[in-house]
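Colleague: Below are the sequence and a predicted model; questions follow.
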Amino acid sequence: MARRIRDWVRGVARRARSDNGMTTSEYAVGTIAACAFAAVLYKVVTSQPVMSALQSLLKEALDAKF
């Protein structure tokens with residue numbers, strides 16, 4: 001009987017120490033961080049100074065003489 005209780009306690013302790021749900025939460029935090037970065041990048045790229053710089057860069061690239 002004592003061995004059954006000891007085995008049960010060890011099993012409970014082993015399950016309590018496991019990191020089974022850890023990867024899911026890490027993916028969730030990583031996804032949220034990636035979405036936040038994408039939102040900031042979108043705001044920067046669509047701002048007027050950056051749009052003007054990109055348009056002038058493209059215009060110069062397309063008007064290049066060979």
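Modeller: That came through, no problem. Note that this is a predicted model, so its numbers are computed, not measured.
Colleague: From the centroid of the chain, which residue is nearest?
Modeller: Centroid-nearest residue in the chain, with CA atoms, centre = their mean: Gly30, separated by 2.5 Å.
Colleague: helix or strand for that residue, which one?
Modeller: Using DSSP states H and E, Gly30 sits within helix 22-45.
Colleague: Pass me the low-pLDDT residue ranges in this protein, would you?
Modeller: The chain contains residues with pLDDT under 70 at 16-22.
Colleague: switch the cut-off to 80
Modeller: In the predicted model of the chain, residues 1, 12-24, 64-66 satisfy pLDDT under 80.
Colleague: returning to that earlier point: helices and strands around the helix holding Gly30, which ones?
Modeller: Counting contacts by 3 or more CB pairs under 8 Å, 6 or more residues apart in numbering; DSSP states H and E, helix 22-45 packs against helix 48-62. Every residue, glycine included, has its C-beta placed from N, CA and C.
Colleague: list the helices and strands the helix it packs on packs on?
Modeller: Applying 3+ CB pairs under 8 Å, 6+ apart, one finds that helix 48-62 contacts helix 22-45.
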